[in-house]
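>>> Here is my input; please provide its structure:
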Amino acid sequence: RTVQRSQLKRRRVSWDKTVDIEARLADSMGFREKFATPENKRHKSQIEAVSPATPAPLVDLGSAKVSTSSHLSMLCLELFVETRQQLRPDPEHDTILGCFYRLMSADEDWDPVTGCIIVGPPGTVEPSDVVRQHFVASELILVKSVVRLVRDTDPDILAGYEVQMASWGYLSARAAVLDINLCPLLSRVPASVKKSKVADEEGNPGAAYDAGHTSEISLVGRNVFNIWRLMRSELALYSYTLENVVRTVLNQRRPHFSYATLTSWWRLARTRSQVVEHFVGQLSAYTEVMT
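Sure, this is the predicted structure:
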């Protein structure tokens with residue numbers, strides 16, 4: 001017990017001496033100038049400084065009108081091809097004589113625009129107040145006119161009921177016969193020659209998926225919809241022809257005409273308007289199904 005008290009006494013003495021030394025150092029002027037914080041600081045911290053005045057807004061957000069428009073547009077295309085007897089259209093031999101299109105928008109206040117590009121002189125088909133008509137001298141000019149149409153309207157989606165066989169795919173294959181690489185011209189980046197193309201399924205799982213679900217055509221900056229394949233993922237049917245889909249979704253009946261019948265109608269001036277009515281009706285039917 002005597003040893004413990006002596007130790008405590010020594011600790012108290014040492015502590016008192018330390019406090020006395022610190023007090024003497026604090027009183028010395030050199031210590032204050034070197035280590036103490038100056039009372040009048042030249043710069044103020046961010047917290048102590050006065051906040052700058054908030055600038056007035058450039059636009060009154062309370063009275064600003066906010067647009068709910070999505071501006072998403074879709075261009076649908078169908079082709080009339082003059083076929084040989086009962087054969088199906090072949091891009092190596094059969095020429096395109098008519099191109100029928102419909103431009104749609106997701107905005108409710110924007111009415112669809114329907115038109116056609118016809119190979120022949122003005123008056124080849126009867127004038128119409130509903131369908132915009134444009135006449136060209138050759139199939140080559142028709143292909144260039146479609147490219148100009150896509151450039152002018154700049155749609156986000158290119159669509160067709162059967163893209164590969166009767167729409168954008170056939171147009172691309174026919175343009176290749178005319179020595180035109182069409183896919184880059186239809187894209188939003190005309191220089192994208194390697195990426196804008198008809199995909200090759202060999203050794204390409206992505207192309208195989210596109211062929212079974214959307215479209216084999218890849219265009220930089222645009223989507224390509226193969227509508228009957230989209231319907232296959234939405235509807236459970238035994239047949240996905242346009243007539244059957246329209247009957248199921250819209251409860252409407254549509255006639256089916258063979259390629260030979262349409263070609264025979266086109267060769268006669270008095271029945272040529274029926275071909276126009278057929279393709280315009282197709283566009284209206286499946287765009288209504290899409291809506």
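
>>> Count residues in the vicinity of residue 246, would you?
Neighbour count for residue 246, taken as other CB atoms under 10 Å: 19. For every residue, glycine as well, the C-beta is placed using N, CA and C.

>>> For it, give me its contacts.
When contacts are counted by CB atoms under 8 Å, 6 or more residues apart in numbering, residue 246 touches 252-254, 285-286, 289.

>>> Retrieve the pLDDT associated with it.
With respect to pLDDT, residue 246 scores 92.

>>> Please, which helix or strand holds it?
Using DSSP states H and E, residue 246 maps to helix 242-249.

>>> Which positions within the next helix or strand after that helix qualify as buried?
The helix or strand immediately downstream of helix 242-249 is helix 259-266, counting by DSSP H and E. By 16 or more other CB atoms under 10 Å, the buried positions in helix 259-266 come out as 259, 262-263, 265-266.

>>> pLDDT on helix 259-266, on average?
Computed over helix 259-266, the average pLDDT equals 95.

>>> List the contacts of that helix.
Under CB under 8 Å, 6+ apart, the answer for helix 259-266 is 80-83, 85-89, 97-98, 271-272, 274-275, 278.

>>> if you set the cut-off to 6 Å instead, what comes out?
Helix 259-266 is contacted from outside by 82-83, 86, 271-272, 274-275, using CB atoms under 6 Å, 6 or more residues apart in numbering.

>>> So which of those wins on neighbours?
Neighbour counts for those, by other CB under 10 Å, peak at residue 275, which reaches 21 neighbours.

>>> That one: what's it in contact with?
262, 265-266.

>>> export the buried residues of helix 259-266 to CSV and tack on distance to residue 234?
Below are these laid out as CSV (distance: CB to CB, whole Å):
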residue, distance to residue 234
259, 28
262, 28
263, 33
265, 33
266, 34
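
>>> ok, how many other residues are close to residue 160?
Based on other CB under 10 Å, the number of other residues close to residue 160 is 29.

>>> Next: residue 147.
Residues contacting residue 147 under the criterion other CB under 10 Å number 16.

>>> need the contact list for residue 103.
The contact partners of residue 103, taken as CB under 6 Å, 6+ apart, are 75, 113, 153.

>>> hmm, back to that, what's the closest of the contacts of residue 246 to residue 129?
For these, the minimum distance to residue 129 (CB to CB) is 20.4 Å, reached by residue 285.

>>> What strand or helix carries residue 98?
strand 96-105.

>>> which residues touch the helix or strand following that strand?
Sequence-wise, the next helix or strand downstream of strand 96-105 (DSSP H and E) is strand 113-119. For strand 113-119, the external contacting residues (CB under 6 Å, 6+ apart) are 97-103, 124-125, 131-136, 139, 142, 145.

>>> of those, buried ones?
So, by 16+ other CB under 10 Å, the buried ones in those are 97-103, 124-125, 131, 133, 135-136, 139, 142.

>>> Could you tell me the end-to-end distance of stretch 130-150?
20 Å (CA to CA, to the nearest Å).

>>> tell me the mean pLDDT for it?
Here the average pLDDT along stretch 130-150 is 94.

>>> hang on, the earlier thing: which of the contacts of helix 259-266 sit farthest apart?
Largest separation among the contacts of helix 259-266 by CB to CB: 86 and 272, giving 20.6 Å.

>>> and the gap between residue 160 and residue 179?
23 Å (CB to CB, to the nearest Å).

>>> May I see the buried residues of the host helix or strand of residue 279?
Using DSSP H and E, the element containing residue 279 is helix 272-290. For helix 272-290, burial by neighbour count (16+ other CB under 10 Å) applies to 272, 275-276, 278-280, 282-283, 285-287, 289-290.

>>> All set, thanks.
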